[in-house]
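Chemist: predicted model and sequence follow; I will ask about them next.
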Amino acid sequence: MEKVITMEKNEVPFEEYLAPGHRACTGCGEMLAVRLIAKTLGDDVIIANATGCVEIVSSPLPTTSWRVPWIHTLFENTSAVASGIEAGMKAMTRKGRYSRKTKVVAMGGDGATADIGIQSLSGALERMHEFIYICFDNEAYMNTGVQRSSATPFGASTTTSPAGKQSIGQMTWKKNLPAIVAAHDIPYVATACPSYPLDMINKVEKAMKVKGPAYIHVLSVCPTGWHSQSNATINLGRLAALTGIFPLYEIEQGRYKLNVDPAQLSPIEEYTKLQGRFRHLPPEVLASIQERVTDEYVKLKKKAAEV
Amino acid sequence: MTKVLMNGSSAIAEAAIRAGCQCYFGYPITPQNELTEYMATNLSRRKGCSFVQAESEISAINMVYGASLVGVRAMTSSSGPGISLKQEGISFLAACELPAVIVNMSRGGPGMGSIAAAQSDYFQATRGGGHGDYRTIVMAPSSVQELADLTHRAFHLADKYKTPVMILGDGILGQMMEPVKFKHEAPAEPPIRHDALRGAKGRRSKFIKSLTSNDTELEELNWSLFRRYELIKKKETTYETFLADDAELVVVAFGIAARIAKGAIKTVRSEGLKVGLLRPVTLWPFPAEAVQELAKKVKHYLVFEMNMGQMIEDVQLSLEGKGEVSFYGRPGGVIPTPSEVARVISRLYYQKGLSK
């Protein structure tokens, strides 16, 4: 019998595969997500982890937080390494030298996924390798000191998109990575956030059952880079979903489903006012962001309505 | 201009702006993020200049390629793994005879290695790095002031010889703060390159390419590059000597290792040991003539590097067997202290019987 923790009506695995004592910042949303995901994945897994916060804080060798097979890959090639692992295991299985269905999981940050790694990700999805890709999106290159990425939201101030008299910070809209991934027609795409732990766990479980590639985009609240209070992490994650800035949804075999669908979206100020990276934004810019967020949410709802 | 206290990466950025760098393309990697951040704040606010954060190192170097094609002074920077990704682009820049400045704030390797300072990229930098028969001028500064001075020179040399120039620093140089004096003001008008592509309105179109199916044409390109490299060797080789005039033993070291060696040499000099230093400032071209000149008097050499022995090959080649070369290295980002190096020097000094 596997030991479980009961949360409401749900059962969450008891076993921890990410050991405590890692070096993440206080209030890190990312490591919370990694911990819950590792619990769900179990130990019959091989994780390929791109350079980034998760990799750095969990593997200051000779110590490591990982209690499962784990390999560090370069920034641009996690999906390629995962493809290789999957292909290698397939070959071993075909030769009769391997019989288990070990799950291959690739992990990367938003920089590793949306910027430098998108080529290898797209290749792996197109070839339909059976693996789960999990993107931990903290909306900038946090590990190297908060440089903008293409997943940084419009208006956010980072060290390479500094806000000032001549600039309002990031000048482009956040790249819609789940949509890009969904365009590959893979069986399962989802967005998740550790502020909704059971929803995230469910999505990982679904991803594990899928035949072919699955992709989960996790919003990771980053107090260090977002200049937010470290005790506001869970709240910020909820607000991201409730304001429609980061809607939680899944796409199963092309069918959209909203998992958190508030009757009325909260105004985005509730989310932005808690973060220093948006502090400089004047009301008219906030209004334009609000407009875009609402538009995008309406589009998403429309897609979810098509069954 | 008075002296200002700055870290090495920011000093390179400021010096580049003052050298007329109009385009900078960066991608985050430790330990050189301060350079990218300085450019994000300061280059983008200058008229006619632009800062772009690329989506990868490969894109960054190819943006440099594009900017250099249209004739602006362009630069990129990275460290270890990022520089490896840039190599194809650097080879193209060399083949197309396009000027560019590339900064490598090198870190421990191989692989992702560490973010600590190391000198293990010497081979990659001095042997070309990418594919094909080419060289890049490689500068190895050893102080923040020199980072600034050599950055200015790098842009000048890149334009003069139409070749990519690399500044090979390391994690310490990039991060440490020292007073620095900028000797140049940014030019009011950026320099114009007449061979650049600018649209063919009203004249015949120009081509810049590196692919040819005519092998004699490619041979001619290689010969012309070779002649230029010979000229660079003759004119641009730079080095520094320190207490080498009466030395019985000469330490050869570059970059931050030379800084450590200098401290060690001061210590052993106070004990009466006749030890000097040769510090190549340009790693390619390597100061082979300076080594040969020294070899007329000095028979014993200690090559000290923060790697497993890379520059030692250039020292041995330059000596042509006329001296005895020993080696001391600390690879993997470990930074030796001057007293540690002093112990190594004095041990070698006595072992070789130089005290008599």
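Modeler: The structure has been received and is ready for your questions. Everything numeric here is computed off the predicted structure, so don't read it as measured data.
Chemist: list the buried residues of stretch A:63-76.
Modeler: A:65, A:66, A:70, A:72, A:73, A:74, A:75, A:76 (16 or more other Cβ atoms under 10 Å in any protein chain shown). C-beta here means a position set from N, CA and C on the backbone, and glycine is covered the same way.
Chemist: touching chain B at all, that stretch?
Modeler: Yes - judged by Cβ under 8 Å from any Cβ of the partner chain, stretch A:63-76 and chain B are in contact via A:72, A:74, A:75, A:76.
Chemist: how about residues contacting that stretch?
Modeler: A:16-22, A:38, A:41, A:43, A:45-52, A:55, A:57-59, A:80-81, A:85, A:111-112, A:116-117, A:119-120, B:56, B:81, B:85, B:112 (Cβ atoms under 8 Å, 6 or more residues apart in numbering or on different chains).
Chemist: can you pull the contacts of residue A:108?
Modeler: When contacts are counted by Cβ under 8 Å, 6+ apart, residue A:108 is found next to A:49, A:50, A:52, A:78, A:117, A:133, A:134, A:135, A:136.
Chemist: what does the model give it for pLDDT?
Modeler: In this model, residue A:108 is scored at 97, pLDDT.
Chemist: ok, which stretches of chain B are strands?
Modeler: Using DSSP state E, the strands of chain B run over B:4-7, B:23-26, B:50-53, B:74-78, B:100-106, B:137-139, B:164-170, B:177-180, B:239-242, B:249-252, B:275-280, B:282-284, B:300-305, B:324-329.
Chemist: quick one: closest of those to residue B:349.
Modeler: Among the strands of chain B, strand B:249-252 comes nearest to residue B:349, with 5.6 Å by Cβ to Cβ.
Chemist: got the contact list for residue B:345?
Modeler: B:249, B:251, B:264, B:265, B:268, B:273, B:275, B:302.
Chemist: how about 7 Å then?
Modeler: Neighbouring residues of residue B:345 by Cβ atoms under 7 Å, 6 or more residues apart in numbering or on different chains: B:251, B:264, B:268, B:275, B:302.
Chemist: swap in residue B:318?
Modeler: Contact analysis of residue B:318 by Cβ under 7 Å, 6+ apart lists B:286, B:288, B:291, B:292.
Chemist: which element is the nearest residue to residue A:119 once chain neighbours are set aside on?
Modeler: Of all residues not flanking residue A:119 in the chain, residue A:76 sits nearest, at 7.2 Å (Cβ to Cβ, 6 or more residues apart in numbering or on different chains). Using DSSP states H and E, residue A:76 maps to neither a helix nor a strand.
Chemist: may I have the phi/psi pair for the one residue in the stretch 101-250 of chain B that gets nearest to chain A?
Modeler: Proximity of the stretch 101-250 of chain B to chain A (Cβ to the nearest Cβ) peaks at residue B:112, 6.3 Å away. Backbone geometry at residue B:112, expressed as degrees, to the nearest 10, gives phi -70, psi -30.
Chemist: surely it meets residue A:50?
Modeler: No - shown here, residue B:112 and residue A:50 do not form a contact pair, counting by Cβ atoms under 7 Å, at 10.5 Å.
Chemist: out of those two, which sits in the more crowded spot?
Modeler: The residue with more neighbours, out of residue B:112 and residue A:50, is residue A:50; 27 against 17, by other Cβ atoms under 10 Å in any protein chain shown.
Chemist: low-confidence ranges in chain A?
Modeler: In the predicted model, chain A carries pLDDT under 70 at residues A:1.
Chemist: walking through it, point out its helices one by one.
Modeler: A:29-41, A:53-58, A:78-94, A:110, A:118-126, A:177-182, A:197-209, A:223-226, A:233-242, A:269-272, A:283-305 (DSSP state H).
Chemist: now render those as TSV, adding mean neighbour count.
Modeler: Shown next, in TSV, are the helices of chain A (neighbours: other Cβ atoms under 10 Å in any protein chain shown):
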stretch	mean neighbour count
helix A:29-41	24
helix A:53-58	23
helix A:78-94	19
helix A:110	28
helix A:118-126	20
helix A:177-182	19
helix A:197-209	19
helix A:223-226	22
helix A:233-242	22
helix A:269-272	18
helix A:283-305	14
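Chemist: and of those helices, who's closest to residue A:161?
Modeler: Nearest of the helices of chain A (Cβ to Cβ): helix A:223-226, 12.0 Å.
Chemist: now do residue A:190 against chain B, distance only.
Modeler: 24 Å (Cβ to the nearest Cβ, to the nearest Å).
Chemist: look up how far residue A:33 lies from that residue.
Modeler: Distance of residue A:190 to residue A:33, computed by Cβ to Cβ, to the nearest Å: 13 Å.
Chemist: spit out the contact partners of residue A:215.
Modeler: Contacts for residue A:215 (Cβ under 7 Å, 6+ apart) come out as A:133, A:181, A:186, A:189.
Chemist: got the contact list for the residue in the stretch 201-307 of chain A that chain B sits nearest to?
Modeler: Distance from chain B to each residue of the stretch 201-307 of chain A (Cβ to the nearest Cβ) is smallest for residue A:225, at 12.2 Å. Contacts for residue A:225 (Cβ under 7 Å, 6+ apart) come out as A:138, A:140, A:142, A:146.
Chemist: now do residue A:217
Modeler: Applying Cβ under 7 Å, 6+ apart, the residues near residue A:217 are A:135, A:137, A:177, A:178, A:191.
Chemist: which residue is the nearest non-sequential neighbour of the second one?
Modeler: Leaving aside its chain neighbours, residue A:137 sits nearest to residue A:110 (4.2 Å; criterion: Cβ to Cβ, 6+ apart).
Chemist: same deal with the last one?
Modeler: Of all residues beyond its chain neighbours, the one nearest residue A:191 is residue A:217 (4.7 Å), with distances taken as Cβ to Cβ, 6+ apart.
Chemist: next: the third one.
Modeler: Nearest-residue entry for residue A:177: residue A:114, 5.2 Å, with adjacent residues in sequence omitted and distances by Cβ to Cβ, 6+ apart.
Chemist: is it true that residue B:291 touches residue B:319?
Modeler: Yes - with contact defined as Cβ under 7 Å, residue B:291 counts as touching residue B:319 (5.9 Å).
Chemist: more crowded one of the two?
Modeler: Each of residue B:291 and residue B:319 has its neighbours counted (other Cβ under 10 Å); residue B:291 has more, 25 against 20.
Chemist: and stretch A:175-187, how far from the chain's centre?
Modeler: Taking Cα atoms, centre = their mean, to the nearest Å, one finds stretch A:175-187 lying 13 Å from the centre of the chain it belongs to.
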